[in-house]
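Student: can't give you the sequence, but here's the structure:
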């Protein structure tokens with residue numbers, strides 16, 4: 001089992017920056033990929049960014065050049081630095097951990113609200 005706890009969400013004005021963090025606990029040795037997804041009410045959860053244990057990253061086109069995902073394996077933590085935020089980035093952001101065996105674990109989510 002893996003437990004994930006997100007933090008760092010909040011309210012920010014358009015054009016501002018915010019960093020969210022996710023700390024993993026439990027069987028952290030089993031985690032391969034970690035990532036961030038987001039979901040607006042009434043919409044499907046969508047990929048924001050992922051990072052492998054080795055540091056290979058992948059981003060949604062909508063956030064490329066504005067968001068940066070990073071990971072500290074020693075601290076079992078993944079970060080998402082969000083710059084040049086837009087109102088359409090408003091959503092609940094969820095941390096995801098995928099094990100080497102294909103299991104997925106989710107955090108409880110953290111709200112990010114960008115005001116215009």
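Tutor: Okay, I see it. Keep in mind the model is a prediction, meaning the values are calculated, not measured.

Student: Just the strands from this protein, written as ranges.
Tutor: Per DSSP state E, the chain has strands spanning 2-7, 10-13, 18-26, 31-39, 46-51, 57-59, 67-72, 77-82, 91-99, 104-106, 110-115. These are given in chain order.

Student: Report the spatially closest residue to residue 50, excluding sequence-adjacent ones.
Tutor: If you skip the residues right next to it in sequence, residue 50 has residue 35 as its closest partner in space, 3.5 Å away by C-beta to C-beta, 6 or more residues apart in numbering. Heads up, the C-betas are built off the backbone N, CA and C, glycines and all.

Student: Tell me how far the one you found lies from residue 96.
Tutor: Distance, residue 35 to residue 96, using C-beta to C-beta, to the nearest Å: 5 Å.

Student: what's near enough to touch the residue nearest the centre of the chain?
Tutor: The residue at the geometric middle of the chain, judged as the C-alpha nearest the mean C-alpha position with C-alpha atoms, centre = their mean, is residue 36 (2.5 Å). By C-beta atoms under 8 Å, 6 or more residues apart in numbering, the contact set of residue 36 is 20, 22, 48, 49, 50, 69, 78, 80, 93, 94, 95, 96.

Student: now do residue 86
Tutor: Shown here is residue 86, whose contacts under the criterion C-beta under 8 Å, 6+ apart are 14, 114.

Student: Against residue 93, how distant is it?
Tutor: Distance, residue 86 to residue 93, by C-beta to C-beta: 14 Å.

Student: wait, residue 22 sits on residue 2?
Tutor: No: Residue 22 sits out of contact with residue 2 when judged by C-beta atoms under 8 Å, with a separation of 10.9 Å.

Student: the more surrounded of those two?
Tutor: The residue with more neighbours, out of residue 22 and residue 2, is residue 22; 25 against 21, by other C-beta atoms under 10 Å.

Student: Without its sequence neighbours, what residue ends up closest to that one?
Tutor: Leaving out its chain neighbours, residue 22 is closest to residue 95 (C-beta to C-beta, 6+ apart), at 3.4 Å.
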